[in-house]
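Q: Dropping the sequence and predicted coords here.
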Amino acid sequence: MRPEGQKIVMYIGVTIGILGGLLGMAVAIAAAPLYGSIFSLFFIVVFGWVFGGLYLRGRKQKKLLASGTRANGRIVEMYDTGVTVNNQPQVGLKIEVTPVSGPPFTSEIKLVISRLQTAYYQTGMNCIVRYDPNDKKTVAIESLGDSLGGSSNSSQNFGSYVDRYSPPPVQSSPYFPGKNPAQIEEELAKMGQEETRIRQIGTECKAVIKTCNWTNIYANGNNPLNFFELVVMPDNQPAYDASCFALISEASVQKYQAGKQIWVKYDPADKNKISLSHS
């Protein structure tokens with residue numbers, strides 16, 4: 001679920017909770033004034049502690065995203081807080097922050113996320129955060145899977161330069177067993193056509209790289225052809241495993257390593273057919 005949808009669901013849930021709570025308090029007080037008042041006070045304290053904390057954290061996160069200092073971050077711990085809002089879990093994250101200047105420090109953040117998004121927030125995931133230099137206890141996550149100074153569109157299209165393909169420096173590849181450079185070139189051309197098709201009709205979503213393996217093949221200079229194993233995370237659908245080949249620009253190899261979050265497109269008719277989209 002996208003952040004906007006999460007907010008709408010949360011607001012609806014809070015509204016229903018308030019109305020239900022007020023009705024329950026009114027009935028309880030009318031039936032038994034003393035015990036009803038005690039119950040109402042208890043409800044107000046608990047409700048205010050849970051949702052008041054969520055509201056205040058939300059305001060601080062919004063303020064940090066608007067005016068905080070940007071820095072690279074890395075998730076070093078994820079834990080369940082035991083709190084759910086509209087069946088969506090609240091998770092706690094410890095993030096190691098590396099400022100542009102100054103020593104690294106560790107901050108903590110609590111977020112309500114969709115159950116389908118838990119794969120986004122894994123230990124080791126890089127991110128860009130914003131923080132208050134005067135209060136480093138918490139941060140706001142600006143984007144996952146990114147780092148400051150990275151390029152923005154680094155996956156390459158086979159079909160865009162297959163005519164300029166250079167034979168691999170080795171005579172074979174474990175990913176193309178028994179094929180010579182000319183046969184591998186034919187395979188690249190087919191991959192390029194399929195990649196173009198998926199990019200035209202595919203549905204875009206986020207994915208997390210599980211493994212990235214070089215195939216011993218370069219194209220258009222020193223751009224490596226890699227084989228990726230991914231966790232694909234369509235919106236409002238369960239995550240699933242898939243794999244694909246992709247050419248990555250030499251300058252962006254570090255953005256396509258295990259644990260990184262990227263964007264892909266998948267064929268709605270066959271979700272196992274995917275193509276890297278952009279980072």
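A: Cool, got the structure.
Q: Need the distance between the two termini of stretch 101-114.
A: 34 Å (CA to CA, to the nearest Å).
Q: Show me what the helix or strand harbouring residue 78 is packed up against.
A: Using DSSP states H and E, residue 78 sits within strand 69-85. On a contact count with 3 or more CB pairs under 8 Å, 6 or more residues apart in numbering; DSSP states H and E, strand 69-85 meets strand 88-98, strand 105-112, strand 126-132, strand 135-144. Just so you know, the C-beta spots here come from the backbone N, C-alpha and C atoms, and that holds for glycine as well.
Q: How is this structure partitioned into domains?
A: 3-65, 68-144, 155-276 (automatic domain parsing).
Q: Turn those into CSV, columns for mean neighbour count and mean pLDDT.
A: Formatted as CSV, the domains of the chain follow (neighbours: other CB atoms under 10 Å; pLDDT from 0 to 100):
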stretch, mean neighbour count, mean pLDDT
domain 3-65, 13, 67
domain 68-144, 16, 84
domain 155-276, 17, 81
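Q: Residue 61 should be in a strand, yeah?
A: No - counting by DSSP: H, G, I helix; E, B strand; the rest coil, residue 61 falls outside a strand, being helix.
Q: what separates the residue nearest to it when sequence neighbours are not counted from residue 112, distance-wise?
A: Leaving aside its sequence neighbours, residue 61 sits nearest to residue 140 (CB to CB, 6 or more residues apart in numbering; 4.5 Å). Counting by CB to CB, to the nearest Å, the separation of residue 140 from residue 112 is 14 Å.
Q: so which of the helices and strands packed on strand 69-85 comes closest to residue 262?
A: strand 135-144 (10.2 Å; CB to CB).
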